[in-house]
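S.K.: output the structure for:
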Amino acid sequence: MGRSGRVRKSFTGGQEAAMEESAGEMRLGIIGAGGMGRAVARRAALAGADVLLADHRIGKARAVAAEAAAGAPGSVTPTTVDAALRPRMVVLALGWPAAMELISARTAALRGKALVDVSVPSQRDALTSGVRRLAQAAPRARWVKAFAAGDAEALFRGEMDGQPVDVFVASDDERAKVAVVELVDLSGLRAFDAGGLDNARGLEDMARLGQEMRDRLLLTAGWGFKFLPCW
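M.R.: Modelled structure (predicted):
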């Protein structure tokens, strides 16, 4: 793409729409510029993607965009939520309650989009996963669970003990799953097809266990799960 760590200025309206019509570029929106939004924006920019990053604090979005794009072949554009929801793939880098609030208010705009949920509900549901409950609120979206079974700092850095971070990707939509797997692999991480969306419940359990272990061990440099197959 011939770019190096470019942070685009904020655009709205017709300018943003014109950007989205550009051919041959990987594009995705990210809602939320917290730890996970920062990490996913970084990995996507390293994969060469054009990222639209939205947060209710525009100053936060601008600062994170600059950090995430530094030295990367892709770009990160701080923008509005409406603009970040336009690409065909959108990452909800929000806590579970905020993700539910967003999709409940914008269900019609999410139809047909690949929505990547990274949230981990604090309380375990005895019957289903957090992403399944989100999918019930926006059933016409193509839901993917990814990036949940790992720490935001490790994802941003991209490695643990010299090894690439593993990302487990679960979805009932094969096309959406493949798109996320390819994005992860291009970013320098190692993606694993974790099966259908029913397996998201297990990924959320892994995340809660990891968070508990982090607190017990007083970890500050990130954590993640590594899958080590013996062939």
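
S.K.: strands of the chain, start to end?
M.R.: In order along the chain, the chain carries the following strands (DSSP state E): 6-7, 27-31, 50-54, 75-79, 89-92, 114-117, 142-145, 159-160, 163-164, 166-171, 190-193.

S.K.: the second one pairs with which strands, and in what direction?
M.R.: The reference is to strand 27-31. strand 50-54 (parallel), strand 89-92 (parallel) (DSSP bridges).

S.K.: please apply the same query to the fourth one.
M.R.: Strand 75-79 pairs in its sheet with strand 6-7 (parallel), strand 50-54 (parallel), by DSSP bridges.

S.K.: now render the strands of the chain as JSON lines, adding mean pLDDT and mean neighbour count.
M.R.: C-beta here means a position set from N, CA and C on the backbone, and glycine is covered the same way. Shown next, in JSON lines, are those (pLDDT from 0 to 100; neighbours: other C-beta atoms under 10 Å):
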{"stretch": "strand 6-7", "mean pLDDT": "54", "mean neighbour count": "18"}
{"stretch": "strand 27-31", "mean pLDDT": "97", "mean neighbour count": "25"}
{"stretch": "strand 50-54", "mean pLDDT": "98", "mean neighbour count": "29"}
{"stretch": "strand 75-79", "mean pLDDT": "98", "mean neighbour count": "27"}
{"stretch": "strand 89-92", "mean pLDDT": "98", "mean neighbour count": "25"}
{"stretch": "strand 114-117", "mean pLDDT": "97", "mean neighbour count": "26"}
{"stretch": "strand 142-145", "mean pLDDT": "97", "mean neighbour count": "26"}
{"stretch": "strand 159-160", "mean pLDDT": "91", "mean neighbour count": "16"}
{"stretch": "strand 163-164", "mean pLDDT": "94", "mean neighbour count": "14"}
{"stretch": "strand 166-171", "mean pLDDT": "97", "mean neighbour count": "25"}
{"stretch": "strand 190-193", "mean pLDDT": "96", "mean neighbour count": "17"}
